[in-house]
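J.: Output the structure for:
(one chain, ligands or ions: 1)
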Amino acid sequence: MLKLFYSPGACSLVTHIALEESGGEYEAVRVMLAQGEHLKPDYLAINPHARVPVLANGHGIVTENIAILNLVADVFEAPGSVPRDDPFAAAKTNELLGWFASTVHIAFAEIWRGSRFTDDESVWPALEAGGRKALEKHFAEIEQRSGESWLVEGRFTAADSYALTFFRWGRRIGLDMGQYPAWAGLNDQVLERPAVQRVLDAEGLKAEEFRPA
Ligand SMILES: N[C@@H](CCC(=O)N[C@@H](CS)C(=O)NCC(=O)O)C(=O)O
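T.: Predicted coordinates for the structure are as follows:
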């Protein structure tokens, strides 16, 4: 059976939603980042990069959100991952996932994980300031892209769940998320989905956390 290693509210939420949307059988294994469970030898044996998500299947271990989401898409061809009936929609979804993972996510790392970039603690405040400045620009772009019904080609994909995840993170770093009404509207659509509600319950998250404060 597929096994997903996730931490509540982390970027693994995107994969968790895709798996739940698929209707396939999987086991969700909680790894508490806040308690350093991802740094313990047992977990490092699964993912030496010490990150979630991880998907374990009959062939072995797959890490990296985008790789996992594309695997879920190939296996299940369900909404919430990457489209498999239209190569252009698939490319546009992967384009957004790539931007989210390589750029938007990294701005949060600058804020939360200065030690990843330098051991010199005196630089961390500057990194945080840089991350916050970058997020202003990235969040304005997500708001502008949220004008249509979904982020990609009028259909629900993993890009929408990733944006949902960032919205909550924006609240957690104290940003005024009320300045993104179109994005909040997109989140409302995501939050209406029964599979998403089941995943939030499983991760112990509340829908309000994904709405403006
Ligand atoms: N490039 C990886 C990044 C995964 C990642 O950074 N996950 C975070 C949670 S959102 C994590 O596990 N962080 C643990 C840490 O920074 O110690 C991916 O896209 O899957």
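J.: isn't C11 right next to V52, touching?
T.: Yes - with contact defined as C-beta atoms under 8 Å, C11 counts as touching V52 (7.4 Å). Any C-beta I mention is one placed from the backbone N, CA and C, and that applies to glycine too.
J.: Who has more neighbours out of those two?
T.: Using other C-beta atoms under 10 Å, the more surrounded residue of C11 and V52 is V52, with 26 against 22.
J.: Make sure I have this right: that one is in a helix.
T.: No - counting by DSSP: H, G, I helix; E, B strand; the rest coil, V52 is not found in a helix; it is coil.
J.: quick one, what contacts the nearest residue to it once chain neighbours are set aside?
T.: The shortest distance from V52 to any non-neighbouring residue, by C-beta to C-beta, 6 or more residues apart in numbering, is to S12 (4.2 Å). Residues counted as contacts of S12 (C-beta atoms under 8 Å, 6 or more residues apart in numbering) are L4, F5, Y6, V52, P53, N65.
J.: Would you mind trimming those to those in range of the ligand?
T.: Among those, the ones lying near the ligand by C-beta under 6 Å from any ligand atom are V52, N65.
J.: Columns pLDDT on top of the contacts of S12, output as TSV?
T.: Shown next, in TSV, are the contacts of S12 (pLDDT from 0 to 100):
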residue	pLDDT
L4	98
F5	98
Y6	98
V52	98
P53	98
N65	98
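J.: my read: I111 touches G131, true?
T.: Yes - between I111 and G131 there is a contact at 4.1 Å, judged by C-beta under 8 Å.
J.: Could you list every helix and strand in contact with the helix or strand hosting G131?
T.: Element membership for G131, per DSSP states H and E: helix 124-145. Packing partners of helix 124-145 (3 or more C-beta pairs under 8 Å, 6 or more residues apart in numbering; DSSP states H and E): helix 105-112, helix 158-172, helix 181-191.
J.: what about it, near the ligand?
T.: No - shown here: helix 124-145 not in contact with the ligand (C-beta under 6 Å from any ligand atom), separated by at least 13.7 Å.
J.: Any idea how far that helix is from the middle of the chain?
T.: 17 Å (C-alpha atoms, centre = their mean, to the nearest Å).
J.: now do stretch 163-175
T.: 11 Å.
J.: Could you list the alpha-carbon positions for that stretch in PDB?
T.: Taking C-alpha atoms only, stretch 163-175 is exported to PDB below (Å, rounded to 0.1, in the frame of the first residue of the first chain):
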ATOM      1  CA  ALA A 163      -1.500  28.100  -3.100                       C
ATOM      2  CA  LEU A 164      -3.900  27.100  -0.300                       C
ATOM      3  CA  THR A 165      -1.000  25.900   1.800                       C
ATOM      4  CA  PHE A 166       1.000  29.200   1.200                       C
ATOM      5  CA  PHE A 167      -2.100  31.200   2.300                       C
ATOM      6  CA  ARG A 168      -2.000  29.700   5.700                       C
ATOM      7  CA  TRP A 169       1.800  30.100   6.000                       C
ATOM      8  CA  GLY A 170       1.200  33.800   5.100                       C
ATOM      9  CA  ARG A 171      -1.000  34.100   8.100                       C
ATOM     10  CA  ARG A 172       1.500  32.400  10.300                       C
ATOM     11  CA  ILE A 173       4.200  34.900   9.500                       C
ATOM     12  CA  GLY A 174       1.700  37.700  10.300                       C
ATOM     13  CA  LEU A 175       0.900  39.000   6.800                       C
END
